[in-house]
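Participant: Below: sequence and its predicted model.
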Amino acid sequence: MLKVAGFDVINLGRDIPLKQIAQAVADNNAVAVGTSALMTSTMVNQKASRRS
């Protein structure tokens, strides 16, 4: 949906370390970051990763 709206979307894949996400943000001058949690156990780990 974002691509159709004219945004450049970079898909880093799955199970990406937080440092790699931060590096991709810096390398691409990102204005927004989106992550996905399709399972309850994933949501818990996303929250914990923000503190790393």
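Facilitator: Received, thanks. These numbers were taken from a predicted model, which means no experiment stands behind them. Numbering: from 1, shown residues only.

Participant: Can you show me the helices along the chain?
Facilitator: Per DSSP state H, the chain carries helices over the ranges 18-28, 40-49.

Participant: Report the rounded mean pLDDT for the first one.
Facilitator: This means helix 18-28. Mean per-residue pLDDT for helix 18-28: 95.

Participant: What of the last one?
Facilitator: Mean pLDDT, taken over the full extent of helix 40-49, equals 67.

Participant: So what's the residue count around residue 4?
Facilitator: When neighbours are defined as other C-beta atoms under 10 Å, residue 4 has 7 of them. Yep, even glycine has a C-beta here, placed from its N, CA and C like the rest.

Participant: Numbering from 331 from now on, please.
Facilitator: Noted, 331 is the first residue going forward, which turns the last one into residue 334.

Participant: What backbone torsions are found at the closest residue in space to residue 364 that isn't next to it in sequence?
Facilitator: The shortest distance from residue 364 to any non-neighbouring residue, by C-beta to C-beta, 6 or more residues apart in numbering, is to residue 332 (8.0 Å). The phi/psi pair for residue 332 (degrees, to the nearest 10) reads phi -70, psi -40.

Participant: distance of residue 332 from residue 343?
Facilitator: From residue 332 across to residue 343, the span is 17 Å (C-beta to C-beta, to the nearest Å).

Participant: So which of these two has more stuff around it?
Facilitator: Ranked by neighbour count (other C-beta under 10 Å), residue 332 and residue 343 place residue 332 first, with 10 against 6.

Participant: hang on, that one packs against residue 360?
Facilitator: No - if you go by C-beta atoms under 8 Å, residue 332 and residue 360 don't touch, sitting 12.0 Å apart.

Participant: how about the most centrally placed residue in the chain, phi and psi?
Facilitator: Most central in the chain under C-alpha atoms, centre = their mean is residue 365, positioned 3.9 Å from the mean C-alpha point. For residue 365, the backbone dihedrals (degrees, to the nearest 10) come out as phi -130, psi 170.

Participant: And the pLDDT for residue 331?
Facilitator: Reported pLDDT at residue 331 in the predicted model: 87.

Participant: no wait, residue 362
Facilitator: 91.

Participant: do you know how far it is from residue 374?
Facilitator: Applying C-beta to C-beta to residue 362 and residue 374 gives a distance of 23 Å.
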